[in-house]
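Enquirer: Show me the folded form of this:
(3 chains)
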Amino acid sequence: MSQVLEDDQRIIEFDVRTDEMLVNMGPQHPSTHGVLRLVLRTDGEIVSELEPHIGYLHRCAEKIGENLTARQWIPYTDRMDYLAAMNMNLGWSLAVEKLLQYEVSEKARHLRVLIAELGRIASHLVGMGAYGLDLGTFSPFLYAFREREKILDLFEEACGARLTYSYITVGGLTADLPPGWLQRCEAFLEQFEPIIREYHTLLTTNAIFVKRTAAIGVLSPEMAVDYGCTGPVLRGSGVDIDLRRDGESIYTAMYDGYAFEVAVMKDGHYPRDHEYPAVPVDAVLGDCWHRFFVRMLEVVQSMDLVRQAIDRYSRCKGPLGEPLKLAEKLPAGDAYLETECPKGQMGFYLVSDGSAIPWRVRARSSSFSNLAVAPELCRGCLIADVPAVVGSLDIVMGEIDR
Amino acid sequence: MAEFLINTLGFPAWLAWSATAGVAAFLILNVIAGGALVFIWAERKIAARIQDRLGPTRTGGRFGWLQSLADGIKLLAKEDLMPDGADTLLFRLAPYVSFCASFCAFIAMPFAFDVVGQRLNVGVFFVIAVLGLEVFGVILAGYASASKWSLFGAMREAAQVVSYEVPLGMCVVVPVMLAGSMDLVTIGEKQAGWISNWYLFHDPFTFVIFWVYFTCAVASVNRAPFDLAEAESELVAGFHTEYSGLRWSFFFMAEYGSMFLVSGLAAVLFLGGWNGPIPIAELAGWSDGSAVTAPYAVRLLGCANLLAKATAGVLLMMWIRWTLPRLRIDQVMTTCLKYCTPIAAVMFAGVMLWQLFLPGGLVPGGRQGAISVREGWLEQAAEPPAEAVGVRRSVPQQLAGVAD
Amino acid sequence: MRGPRFIDELEAAVPGAVVGRNLEAIDPWLEIAAEKLLPACRWLKESCEIRFDGLQCITAVDWFEPDAKKAAKVAWEPHTELVYHLWSTVARVSLVLKTKLPRWQDDQTGQIPEVASVASVWRGADWHEREVYDLSGVKFVGHPDLRRILCPEDWEGYPLRKDYEMPLEYHGMRGR
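Expert: The predicted model follows:
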């Protein structure tokens, strides 16, 4: 046998080939956005296979939901996407309202739009800053957080919390805005607007940034839909879907009469409602750059929506309405509702057997589906591209693991 | 100084030489280590200001000027950890190799005319070669750490530094060619006079090649955007992932030492060395030896000049680091092999042709011509400027004699 | 769009698939026979006029009342229900499919029920099915890589089942 091996010329070839290496990226790693663990199979710098391992932040939120009333579960939604807790609150509240067939007052509707869009800006700012961090530049991260802090200040004034708000709740909001809040919000938008140009200079149009993101991790529209990718990841691939326009009526009713253009590339160009930097020639639709750019566009779009909401809210007469106590029984049945959260379409499913406590609670996480596509995107890329691709999906582990 | 000890105090020669070397080593080590502390503090403050923060504000009263020292004490007090699978000897050796390589290069680095640890007639070569040794420390660290991330970092560093030696060497040869000497002191002296005498402004090619040099220098000392060996978002901390406490701080000191070295080298090679933009000393008449203290004043001024230029280079590197994202390994290699090397080669040829056809520059009678380049060699061989000013010269002189 | 026309087509294409429906509910749903789930899903994605090209969510609802007193009053038989939320990115409509499974295969406690995997229809179903397997204990036959996803790989039991009891101890860590 050994003679055969020695005579076999291929054995030499076998000996000199490079060995594959299994590398654990995470769960304690600077660029895995929390406690994500990626197992990379690498040949030198080239990643031949990537496998995400999740669950390090699993807190049994769904099981807890089976033991609390629908309103008591709102703080648990805060802790899912903790970077955009307002939007999580909104998603769950609307799902419960859908089951109850309840309609909030007009004033509450506009306030919800206002708060949710501010939350979207705050979330995208983290997404942008952290993406810079993934690509090795630190400063944009702090520039992003500087502005995010101001939004958090506004939220703190409105509801007393800076991270886990529980502000939007079933039947409306826990409190009305304090006096002078709208002026401060307008002042914030006023000073924030020119800063976006700064972000574009530092990242979007920076030559090294473009080199690192353009044509990397290209996600085709078909694959994006097939994997259930949503939000900026889906729109970055050129699929024109935004639940604020295409969603269920209980959600789109919130945005009735609001003018906004979905940030997606149509006929070779992005919406021209504002001045944006040109798409670099290297960028391919569906790559990291486009996913990033869609988020940047949505920041501007959300600013417009906030302005419109401020206008409508301040003109709105009538009471805000009291939130529902929900101590009594829920109607038997089930309701599933997806809303357009900053990270993607967050779905909440509520099954009730007719008692006050839901029979089953389910959170369909957008980051969960978005992350599922990462192995496809990272096949054959370099190690340095792994943070670039995973960062461009803008995931939050709290939402994936629940 | 050695002569002074031998002749005036009657020291035996070996003691005098050892004492001189000891003093020089002490000065270099402390100036650079102290400089590193200042630069670490400066980096924190500059990064903070760039990022719209304040940075350290309290340590040491105001501006947090003692922050580096506080960091150092903290690092001293930290537990010295070593991974189980680490190669004990190499793991311990690696920081010292890096540190020594970085600091040894300062031996030949002049701070002003004649203020140099050891004047070498192959100074440029020595500095570049010894600086190149730093990569061994990194590779040892990466290999001995028994960590995959460290290994990745070390491999990247090896690939990167070895590649960048090529364009770096090519850039460095240009001032050598212009000065006709590899002696850093001679190169610096050749640029004396007005700012137009700096090699940066010698001709358009040298102007371009200075920026190529700077790019390569940033790459060879592993600063952003070329800091792939320690890319924190990809490789955790690269080659020093497993290091902690004092060992880690040796790498850190080595990095800042190297930064200062390549900036100082840039200053000597291209930015007139210790000669200011305006020849104050000459205008003031200090250089004709009328005052006793004049040579010292000139040297002090020279030191200040060089330190200012080197510091400016370091600050520029910091500015770049806190602004740009990091390149990818293949892009780093592309930058080196497809851009830096060809540009450096073309510019090198350009400088050669310039020297051949326009030796006096565009201004008639402005500069020494191509002939003087050859004379430069002759000058040095015939009457080394060593005797003129006098201290700490004998060994290189002897070496030169042997080499001849 | 949610008219019964495509339901008739589905019934014609996959006979015996639709075993129940509720079109008046908040989210109108169809009940699909468990054994016809895969062909029905494939038809809905590939042949239906409204191409349901996206699978948003798979949920397992455990209809079981551990409290014997209350269990006597409930109107349903204990079972596990799988809920599939589909949507079409082109027509922008959604569809809910429900499938009833026994809580335990062949009424043998510990034998988790089996159903065909739809991971070959929608690739996004891969992780969702793993999650359902992990938390609710449903075995997806034909799944490429059916492992626990959120819980550790050596975890015992299925936490989202109503009769689940938290282990007292896990690798030396106190559970309750």
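
Enquirer: how about the residues of the stretch 201-350 of chain B that lie near chain A?
Expert: B:224-225, B:227-228, B:231-236, B:322-331 (Cβ under 8 Å from any Cβ of the partner chain). The C-beta positions use only the backbone N, C-alpha and C, and glycine is treated the same way.

Enquirer: Can you show me the strands along the chain?
Expert: All of this is about chain A. A:21-25, A:37-43, A:46-53, A:168-169, A:172-173, A:333-341, A:344-352, A:360-364 (DSSP state E).

Enquirer: think we crossed wires, I meant chain C
Expert: Counting by DSSP E, the strands of chain C are C:18-22, C:29-32, C:54-63, C:79-87, C:94-101, C:114-116, C:139-141, C:169-170, C:173-174.

Enquirer: Now render these as a markdown table, adding distance to residue B:162, mean pLDDT and mean neighbour count.
Expert: Below are the strands of chain C laid out as a markdown table (distance: least, Cβ to Cβ, whole Å; pLDDT from 0 to 100; neighbours: other Cβ atoms under 10 Å in any protein chain shown):
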| stretch | distance to residue B:162 | mean pLDDT | mean neighbour count |
| --- | --- | --- | --- |
| strand C:18-22 | 69 | 81 | 15 |
| strand C:29-32 | 63 | 86 | 22 |
| strand C:54-63 | 50 | 88 | 25 |
| strand C:79-87 | 54 | 89 | 22 |
| strand C:94-101 | 58 | 87 | 21 |
| strand C:114-116 | 57 | 88 | 18 |
| strand C:139-141 | 52 | 88 | 16 |
| strand C:169-170 | 50 | 84 | 11 |
| strand C:173-174 | 49 | 84 | 8 |
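
Enquirer: shaky segments in the stretch 301-402 of chain A?
Expert: Along the stretch 301-402 of chain A, the parts satisfying pLDDT under 70 run over A:327.

Enquirer: Distance check, the residue in chain C positioned nearest to chain A against residue B:238.
Expert: Proximity of chain C to chain A (Cβ to the nearest Cβ) peaks at residue C:124, 3.4 Å away. Distance, residue C:124 to residue B:238, by Cβ to Cβ, to the nearest Å: 36 Å.

Enquirer: what about the helices in chain C?
Expert: C:5-13, C:37-46, C:68-71, C:125-136 (DSSP state H).

Enquirer: which other residues reach the second one?
Expert: With contacts defined as Cβ atoms under 8 Å, 6 or more residues apart in numbering or on different chains, helix C:37-46 is touched by C:10, C:13-14, C:17-18, C:32, C:51-53, C:84, C:86, C:95, C:97, C:99, C:115-118, C:120-122, C:142.

Enquirer: Around the residue in chain A positioned nearest to chain C, how many other residues sit close by?
Expert: At 3.4 Å from chain C, residue A:228 is the closest residue in chain A, using Cβ to the nearest Cβ. Residue A:228: 29 surrounding residues under other Cβ atoms under 10 Å in any protein chain shown.

Enquirer: my read: it touches residue A:369, true?
Expert: Yes. Residue A:228 is within contact range of residue A:369, at 3.9 Å (criterion: Cβ atoms under 8 Å).

Enquirer: which residues are in contact with both of those two?
Expert: Counting by Cβ under 8 Å, 6+ apart, the residues touching both residue A:228 and residue A:369 are residue C:124.

Enquirer: Can you name the residues of chain A that neighbour chain C?
Expert: So chain A meets chain C at A:54-55, A:58, A:60, A:62-63, A:98-99, A:101, A:223, A:225-229, A:239, A:241, A:246, A:248, A:333-336, A:338, A:345, A:347, A:349, A:351, A:353, A:359-360, A:362, A:364, A:368-369, A:372, A:401-402 (Cβ under 8 Å from any Cβ).
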